[in-house]
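Asks: Prediction below, plus the sequence it came from.
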Amino acid sequence: MGTLFRKRPIRYPLLILSLLSVASVIACVMWHPFIGIAYGLVVVFALISTWKTEKTTYEETEKHIETLSYRMKKVGEEALLEMPIGIILIDTQYMIEWSNPYMLGILDVDTLMGEEIFTLSEDLYTLIKHDEKHEMNVTLKDRKYRAFYKPEERLLYFFDITEQVEIETLYYEDRSVIAVLFVDNYDEITQGMDDQNRSQTNSLITSLINNWGTQYGIFIKRISTDRFIAILNESILQEIEKKKFSILDDIRETTAKQSLSLTLSIGVGTGSQSLIELGELAQSSLDLVLGRGGDQVAIKQPNGKVKFYGGKTNPVEKRTRVRARVISHALRDLIQDSDQVFVMGHKMPDMDAIGAAIGVRKMAQMNKIDGYVVMDFDQIDNSIIRLMNVVKEKSDLYDRFITPEEALSKITDKSLLVVVDTHKPSMTIEEKLINKAEKVVVIDHHRRGEEFVKNPMLVYMEPYASSTAELVTELLEYQPKNDKITMLEATALLAGIIVDTKSFTLRTGARTFEAASYLRTNGADTILVQRILKEDINTYIERSKIVQTAEFVHQGLAIARGDNDKIYNSVLLAQTADILLTMKDISASFVVAHRHDGVIGISARSLGEINVQLVMEELGGGGHLTNAACQLDVATIDEAINMLKEAIEVVLEGSSES
């Protein structure tokens with residue numbers, strides 16, 4: 001840069017000034033010689049002084065620029081070679097052409113020339129090949145670096161951010177976490193105890209929970225007879241998660257030895273700086289756990305992500321009808337405040353969904369409100385077809401079955417929508433109805449999943465119940481008696497209970513028999529139920545062929561599959577899973593096959609030793625501890641079975657994340 005100034009350019013301002021000065025001197029001489037000479041001498045002196053000053057300034061400026069240019073060049077070389085920034089140049093084949101000394105020091109090598117860039121870190125493949133993303137974090141020699149890529153120059157920069165990452169890690173690990181612990185069934189178990197036994201039970205529970213808190217450094221405070229609050233941080237939570245919340249097993253096993261059968265439910269709030277939000281997340285998580293039957297842990301974050309642990313036991317049946325009566329009266333008020341009632345079950349409805357829907361429509365009739373059952377007549381199985389043929393003989397009831405399109409055209413802002421036998425909008429017959437309805441009620445017996453109807457006015461979910469038909473039957477008992485339930489309506493409800501309990505052999509409690517007794521008293525026809533549920537011999541043969549493919553993947557866990565080139569009814573898959581469960585040495589069964597809707601369906605059944613709901617939730621499905629299902633959008637059955645096996649492994653290890 002300095003060489004540009006050695007050949008001095010013509011300085012036009014000084015030249016013009018000189019010419020003007022000469023002209024003025026000549027003019028003065030012509031006007032008055034003596035004054036002109038004196039003026040000329042002054043001008044010459046001024047010009048000489050100006051020229052010398054300009055020359056000195058020019059030379060100093062030139063020298064300064066040369067010095068600055070040299071220093072800039074030197075600083076650039078030092079920055080390139082000595083500053084703590086890794087620099088790598090690569091060619092078009094992603095081979096390293098040059099790297100600065102700092103980069104060699106990072107990797108502790110003498111040279112990198114000729115090496116492929118991706119051998120340093122596989123993450124660099126994503127960085128370099130990605131069209132939009134030109135920066136990311138990578139790990140080199142156990143240290144973290146922020147890598148920047150400039151595709152035009154094929155240049156990579158690496159900035160050490162190890163300390164920054166460590167500080168961030170410490171910050172996240174030290175964030176507060178709030179948990180609410182609830183002792184399931186405490187009131188029911190202790191209400192018949194004397195003071196001494198109740199005190200001993202309290203001491204046992206408190207001791208177990210406090211010892212667990214002391215072990216991990218958690219502050220725990222008992223805030224009521226069956227509720228505790230815990231304060232911890234993220235690092236402690238991670239340690240507890242590694243142990244799969246062993247406190248659940250400790251409480252269950254220790255109290256079982258005392259013939260108490262108490263379990264623990266825990267709701268955890270994490271991922272927020274706000275203590276208020278953490279508390280709300282913890283309570284929301286606990287509500288979710290209790291809706292799934294208890295004996296579980298739910299960890300909820302502000303982004304909606306939920307982790308589940310536990311869920312190894314069946315929910316315990318309640319001993320009181322108070323809740324059923326309260327819900328029934330609340331539902332009665334909602335019905336009476338509505339102009340119409342629409343009842344909708346899940347896609348490909350089974351007998352439980354249809355029976356429950358008929359029962360809820362009956363409640364609307366009892367309250368003198370028009371009620372309709374929403375059904376897609378193109379998606380029903382043979383048993384539902386046989387039921388509908390019987391219903392068709394009763395024109396007043398058959399006319400109350402409408403299509404989703406008719407329901408969408410009829411529903412108003414004052415209408416009530418009741419969703420039965422599911423709580424997931426994506427599984428309902430017509431999700432648009434939920435979005436359009438102003439008032440929604442959910443009645444279900446499945447364990448609550450992460451997906452749920454938004455802002456329902458009333459929720460009646462009891463995982464202990466055998467079926468939704470059982471829940472609806474209990475609600476019917478507290479409705480106005482001015483319009484009795486008919487034989488056909490009672491039969492449909494009883495059929496729903498029989499199907500979901502496998503003729504009162506699974507998930508059957510005292511309340512189940514009470515509901516069945518009520519229906520039988522109101523004329524339910526068991527012979528008609530058998531006629532409706534009859535199957536043809538071809539279906540029996542199809543099930544037998546699937547059973548023949550069963551293989552054991554773990555002790556007691558069997559997987560059966562349908563043919564790759566065949567479409568199966570979802571009810572057939574469920575029935576096959578039930579049959580497998582009756583076989584010797586099988587405690588959980590999974591049936592995988594292609595469905596009519598283009599996806600691969602999995603039906604899962606269990607005797608309670610493994611929570612098949614958690615397995616199905618790993619694959620995006622859900623259900624009940626002993627009865628669950630999911631649908632996978634994959635091409636082959638082999639791929640679906642591999643995903644199923646991975647999900648089983650996760651659950652057998654004791655955790656589930658959604």
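Replies: Done, it's in.

Asks: Could you use CA atoms for every contact and neighbour count after this?
Replies: Noted.

Asks: any low-confidence regions in the stretch 551-658 of the chain?
Replies: Counting by pLDDT under 70, the stretch 551-658 of the chain shows low-confidence ranges at 654-658.

Asks: In contact with the nearest residue to Tyr125 once chain neighbours are set aside, which residues?
Replies: Counting by C-alpha to C-alpha, 6 or more residues apart in numbering, the nearest residue to Tyr125 once its immediate chain neighbours are dropped is Phe118, at 6.0 Å. Contacts were defined as C-alpha atoms under 8 Å, 6 or more residues apart in numbering; by that measure Phe118 touches 94, 124-125.

Asks: From these, pick the one nearest Phe159.
Replies: Top of the list for closeness to Phe159, among those and by C-alpha to C-alpha, is Leu124 at 14.2 Å.

Asks: can I assume the closest one is in contact with Leu140?
Replies: No: taking contact to mean C-alpha atoms under 8 Å, the distance of 10.9 Å between Leu124 and Leu140 leaves them out of contact.

Asks: how many neighbours does the closest residue to Ser570 other than its chain neighbours have?
Replies: Excluding the flanking residues, the one nearest Ser570 by C-alpha to C-alpha, 6+ apart is Arg595, at 6.6 Å. Here the neighbour count serves as a burial measure; for Arg595 (other C-alpha atoms under 10 Å) it reads 17.

Asks: ok, Arg595 to Ile429 distance?
Replies: Look at Arg595 and Ile429: by C-alpha to C-alpha, to the nearest Å, they are 16 Å apart.

Asks: related to what we said a few turns ago, now the residue nearest to Ser570, which residues is it bridged with?
Replies: Arg595 has the following beta-bridge partners by DSSP bridges: Tyr568.

Asks: Quick check: it touching Gly601?
Replies: Yes: the pair formed by Arg595 and Gly601 meets the contact definition of C-alpha under 8 Å, at 6.0 Å.

Asks: Common neighbours of these two, please.
Replies: Both Arg595 and Gly601 are contacted by Ser570, under the criterion C-alpha under 8 Å, 6+ apart.

Asks: Highest neighbour count among the contacts of Phe118?
Replies: With neighbours defined as other C-alpha under 10 Å, the most crowded of the contacts of Phe118 is Leu124; it has 22 neighbours.

Asks: so what's that residue up against?
Replies: So Leu124 contacts 117-118, 138 (C-alpha under 8 Å, 6+ apart).

Asks: Now tabulate those in a markdown table and tack on secondary structure and distance to Ile231.
Replies: Output for the contacts of Leu124, formatted as a markdown table (DSSP: H, G, I helix; E, B strand; the rest coil; distance: C-alpha to C-alpha, whole Å):
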| residue | secondary structure | distance to Ile231 |
| --- | --- | --- |
| Ile117 | helix | 47 |
| Phe118 | helix | 45 |
| Val138 | strand | 34 |
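
Asks: Just give me the closest of those to Glu54.
Replies: Ile117 (56.0 Å).

Asks: Tell me, how many residues neighbour Glu241?
Replies: The local packing of Glu241 (other C-alpha under 10 Å) involves 15 other residues.

Asks: err, Gln548, not the other one
Replies: Taking other C-alpha under 10 Å as the criterion, the count of residues near Gln548 is 12.

Asks: That one and Ala604: what is the separation?
Replies: Where Ala604 is concerned, Gln548 sits at a distance of 17 Å (C-alpha to C-alpha).

Asks: same deal with Val109?
Replies: On the measure of C-alpha to C-alpha, Val109 and Ala604 end up 55 Å apart.

Asks: now Val529
Replies: Distance of Val529 to Ala604, computed by C-alpha to C-alpha: 25 Å.

Asks: In contact with Leu260, which residues?
Replies: Neighbour list for Leu260: Ile189 [criterion: C-alpha under 8 Å, 6+ apart].

Asks: ok, it to Glu188 distance?
Replies: Taking C-alpha to C-alpha as the criterion, Leu260 is separated from Glu188 by 10 Å.

Asks: now Thr412
Replies: Computed as C-alpha to C-alpha, the Thr412 to Glu188 distance reads 43 Å.

Asks: How about Glu241?
Replies: Separation of Glu241 from Glu188 (C-alpha to C-alpha) stands at 30 Å.

Asks: Next: Glu430.
Replies: Taking C-alpha to C-alpha as the measure, Glu430 falls 40 Å from Glu188.

Asks: now the residue nearest to Arg605 when sequence neighbours are not counted, which residues is it bridged with?
Replies: Across the structure, with C-alpha to C-alpha, 6+ apart as the measure, the residue nearest Arg605 apart from its sequence neighbours is Asn627 (4.8 Å). Beta-bridge partners of Asn627, counted by DSSP bridges, are Arg605, His624.

Asks: for Val341, same thing?
Replies: Gly371, Leu416.

Asks: got a list of what it touches?
Replies: So Val341 contacts 335, 361, 364, 369-372, 415-418 (C-alpha under 8 Å, 6+ apart).

Asks: Likewise for Val529?
Replies: Residues touching Val529, when contacts are defined by C-alpha under 8 Å, 6+ apart, comprise 491-492, 494-495.

Asks: same deal with Ile485?
Replies: For Ile485, the contacting residues are 362, 522, taking C-alpha under 8 Å, 6+ apart as the criterion.

Asks: For it, give its distance to Met363.
Replies: 9 Å.

Asks: now swap in Asp370 and tell me
Replies: Asp370 sits 10 Å away from Met363 when distances are taken as C-alpha to C-alpha.

Asks: Ok, Ile247 next?
Replies: Relative to Met363, and taking C-alpha to C-alpha, Ile247 is found at 44 Å.

Asks: More neighbours: the two, which one.
Replies: Summary of the neighbour comparison: Ile247 and Met363, criterion other C-alpha under 10 Å, with Met363 having more neighbours (29 against 18).

Asks: any weak-confidence spans in the protein?
Replies: Per-residue confidence for the chain (pLDDT under 70) gives these ranges: 1-29, 31-47, 64-82, 131-133, 291, 293, 311-321, 395, 654-658.

Asks: tell me the domain boundaries of it?
Replies: The chain is divided into the following domains under automatic domain parsing: 2-81, 86-165, 174-310, 322-532, 537-657.

Asks: gap between the two ends of the longest one?
Replies: With C-alpha to C-alpha as the measure, the first residue of domain 322-532 is 34 Å from its last.

Asks: list the buried ones in stretch 537-547?
Replies: Residues of stretch 537-547 classed as buried by neighbour count (16 or more other C-alpha atoms under 10 Å): 543, 546-547.

Asks: now the helices: where do they sit in the stretch 451-600 of the chain?
Replies: Under the criterion DSSP state H, counting those that start in this stretch, the stretch 451-600 of the chain contains helices at 468-476, 487-501, 510-521, 526-532, 537-547, 570-581.

Asks: Check the stretch 251-400 of the chain too.
Replies: Using DSSP H, counting those that start in this stretch, the helices found in the stretch 251-400 of the chain span residues 275-291, 322-336, 351-366, 382-392, 395-398.

Asks: tell me the most buried of those helices?
Replies: When you average the neighbours per residue for each of the helices of the stretch 251-400 of the chain (mean count of other C-alpha atoms under 10 Å), helix 351-366 leads with a mean of 27.

Asks: Please name every helix or strand in contact with it.
Replies: Using 3 or more C-alpha pairs under 8 Å, 6 or more residues apart in numbering; DSSP states H and E as the contact criterion, the secondary-structure elements in contact with helix 351-366 are strand 340-344, strand 370-374, helix 382-392, strand 416-420, helix 468-476, helix 487-501.

Asks: To Gly279, which of the ones you listed lies closest?
Replies: Proximity to Gly279, assessed across the helices and strands packed on helix 351-366 by C-alpha to C-alpha, is greatest for strand 416-420 (29.8 Å).

Asks: contacts for the helix or strand following that closest one?
Replies: Remark: after strand 416-420, the chain's next helix or strand is helix 431-436, criterion DSSP states H and E. Among residues not part of helix 431-436, those counted as contacts by C-alpha under 8 Å, 6+ apart are 404, 407-408, 411, 417, 425, 440, 453.

Asks: and the following helix or strand past helix 431-436, what other elements does it pack with?
Replies: For helix 431-436, the following helix or strand on the C-terminal side (DSSP H and E) is strand 439-444. Applying 3+ C-alpha pairs under 8 Å, 6+ apart, we find strand 439-444 packed against strand 416-420, strand 458-461, helix 468-476.
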